[in-house]
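Participant: All I have is the shape, not the residue letters:
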């Protein structure tokens, strides 16, 4: 029985490790998306600032470079929004992975508790058997002494 429980425990530990790895992978992915969105936001702000500087500094050069910069800033804003949306979508997957990890951890702990209970029961049975052997030995010894003493 103990051997089977040890195997079940090992399987539960492996499943928990897999769940933990999946959870960490999803968190890393979300962090990457959030960081990329922040970079896009910073880049858009920088491009907009350049465009405004071009507009304020040199009106005789025409509007095309300025308009291109503003268009670039809008594209960068769109990319930022898209990355943020992907990060938000990924939050649900992270929650699910976390819940799965916690469920696997609970399963492992239940098997550990079952294994500990089985070990205590085995130890108790062993002590009981040893005590019965000692009791039998003393009973057989006292019955041997009685006929000799009479």
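Facilitator: Sure thing, it's come through. Please read all numbers here as calculations on a predicted model, not as lab measurements.
Participant: Quick one: distance of the helix or strand where residue 86 lies to the chain centre.
Facilitator: Using DSSP states H and E, residue 86 sits within helix 64-149. Relative to its chain's centre, helix 64-149 lies at 11 Å (C-alpha atoms, centre = their mean, to the nearest Å).
Participant: same question for it, mean pLDDT?
Facilitator: Averaging pLDDT along helix 64-149 gives 84.
Participant: I'd like to know which elements it is packed against.
Facilitator: helix 2-57 (3 or more C-beta pairs under 8 Å, 6 or more residues apart in numbering; DSSP states H and E). Backbone N, C-alpha and C define where each C-beta goes, glycine included.
Participant: what number of residues lie near residue 19?
Facilitator: Close neighbours of residue 19, defined as other C-beta atoms under 10 Å, add up to 19.
Participant: Excluding chain neighbours, what is closest to the residue nearest the centre of the chain?
Facilitator: Nearest residue to the geometric centre of the chain (C-alpha atoms, centre = their mean): residue 20, 3.0 Å. In space, and not counting its chain neighbours, residue 20 is closest to residue 101: 5.6 Å by C-beta to C-beta, 6 or more residues apart in numbering.
Participant: Likewise for residue 27?
Facilitator: Distance criterion C-beta to C-beta, 6+ apart; nearest residue to residue 27, sequence neighbours excluded, is residue 94 at 5.9 Å.
Participant: Show the contacting residues for the one you found.
Facilitator: Counting by C-beta atoms under 8 Å, 6 or more residues apart in numbering, residue 94 touches 23, 26-27, 30.
Participant: and these, which two are the farthest apart?
Facilitator: Using C-beta to C-beta, those span at most 10.8 Å, a distance reached by 23 and 30.
Participant: These two: who's more crowded?
Facilitator: residue 23 (21 against 18).
Participant: Surely the more buried one touches residue 99?
Facilitator: No. The criterion here is C-beta atoms under 8 Å, and residue 23 misses it with residue 99 at 9.5 Å.
Participant: Burial check on residue 83, number of neighbours?
Facilitator: 20.
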